[in-house]
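1. Starting from these lines, generate the structure:
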Amino acid sequence: MKRQTVKNLSYVALWAGAASVLVSGGIYAADLMRAEKTSKRREGSLFIGLWAPSFFALSEMLDRIAEQDDRYMGVRITDREERMPIAKHARELIQR
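-> Down below sits the predicted model:
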């Protein structure tokens, strides 16, 4: 996946987390203003609010993936020069 695509997915996850907080707060506040208060709406708003940390963690993880280079534990992930699969390249490094 391209770096810019991962970065865009990170922004989508960040905005999804922010939207989750806002929607949750809106539903909770709307339920407080109603004459008859229902626990189902409050539970639903809390459920939606609990999505936010997951979205924020996903955004952070995608940011870190987008910023890292094309190596994993010292082995190139995409070896375009030699067109060698990573498993074969890793075996050669181990045999040295």
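
2. ok, so what distance separates the spatially most central residue of the chain from Phe47?
-> Nearest to the geometric centre of the chain sits Leu58, at 1.9 Å (Cα atoms, centre = their mean). For Leu58, the distance to Phe47 (Cβ to Cβ, to the nearest Å) stands at 18 Å. From N, CA and C alone the C-beta is placed, and that goes for glycine too.

3. likewise Asn8?
-> From Asn8 to Phe47 the distance is 27 Å (Cβ to Cβ).

4. quick one on the thing from earlier: apart from its neighbours in sequence, what residue is nearest the residue nearest to the centre of the chain?
-> Among residues not flanking Leu58 along the chain, Ala13 sits closest, at 4.4 Å (Cβ to Cβ, 6 or more residues apart in numbering).

5. I'd say that neighbour and Pro53 touch.
-> No: judged on Cβ atoms under 8 Å, Ala13 makes no contact with Pro53 at a distance of 11.4 Å.

6. Which one's more surrounded, those two?
-> Ala13 (20 against 12; other Cβ atoms under 10 Å).

7. now that one, what's its secondary structure?
-> The three-state label given to Ala13 by DSSP: H, G, I helix; E, B strand; the rest coil is helix.

8. Pull the contacting residues for it.
-> Going by Cβ atoms under 8 Å, 6 or more residues apart in numbering, Ala13 touches 55-56, 58-59, 62.

9. Ok, Leu46 next?
-> 24, 28.

10. Now do it, the pLDDT please.
-> On the pLDDT scale, Leu46 is placed at 89.

11. SS state for it?
-> Per three-state DSSP, Leu46 ends up helix.

12. Surely Ala29 is within a strand?
-> No: per three-state DSSP, Ala29 lies outside any strand segment and is helix.

13. now whichever helix or strand Asn8 is part of: how far from the chain's centre is it?
-> Here Asn8 sits within helix 3-33, counting by DSSP states H and E. For helix 3-33, the separation from the chain centroid amounts to 12 Å (computed by Cα atoms, centre = their mean, to the nearest Å).

14. for it, which positions count as buried?
-> 6, 9-10, 13-14, 16-17, 20-21, 24, 27-28, 31 (16 or more other Cβ atoms under 10 Å).
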